[in-house]
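Trainee: Okay, predicted coordinates and the sequence, questions at the end:
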Amino acid sequence: MIILLSMPLIIIALFINYQKVYSTTYEIRYDNVYKEVIVREGDTLWKIALENMPPDYDVRKMVYEIKVINEIIDSNIYPGELIKVPIKHSPNK
């Protein structure tokens, strides 16, 4: 009886531990130069990153750097808010 009751718990535990999330981590250099951007109606971090990065740069990395520099936990930004955006050069240079 104990074996029958413990089997579902073991199976659930295996599935919970099996689900792993993979992510890429980025090293941020703090010697970069920043510009200040005022958030406009309809702006998103993704849009701001695309507008302020070199062509060959990874937009996900740029969004991550903006969030870290500005201590943004989620992705919510609001019109009128002033955020710092790192000035990047093309990684091929």
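Mentor: All right, it came through fine. Residues are numbered from 1 along each chain as shown.
Trainee: in the sheet, who's paired with the closest residue in space to V37 that isn't next to it in sequence?
Mentor: In space, and not counting its chain neighbours, V37 is closest to V85: 5.1 Å by Cβ to Cβ, 6 or more residues apart in numbering. To be clear about C-beta, it is placed using only N, CA and C from the backbone, and glycine gets the same treatment. Counting by DSSP bridges, V85 is bridged to K35.
Trainee: Now do the SS call for M53.
Mentor: coil (DSSP: H, G, I helix; E, B strand; the rest coil).
Trainee: still on that earlier bit, doesn't L45 make contact with the residue nearest to V37?
Mentor: No - assessed by Cβ atoms under 8 Å, V85 is found out of contact with L45, at 9.7 Å.
Trainee: Common neighbours of these two, please.
Mentor: The contact sets of V85 and L45 overlap at I66 (Cβ atoms under 8 Å, 6 or more residues apart in numbering).
Trainee: Now Y57: which helix or strand?
Mentor: Secondary structure assignment for Y57, by DSSP states H and E: no helix or strand.
Trainee: Return the residues in contact with the closest residue to it other than its chain neighbours.
Mentor: Nearest residue to Y57 in three dimensions, chain neighbours excluded: K88, at 5.6 Å (Cβ to Cβ, 6+ apart). Neighbouring residues of K88 by Cβ under 8 Å, 6+ apart: N32, N52, M53, P54, Y57, M62.
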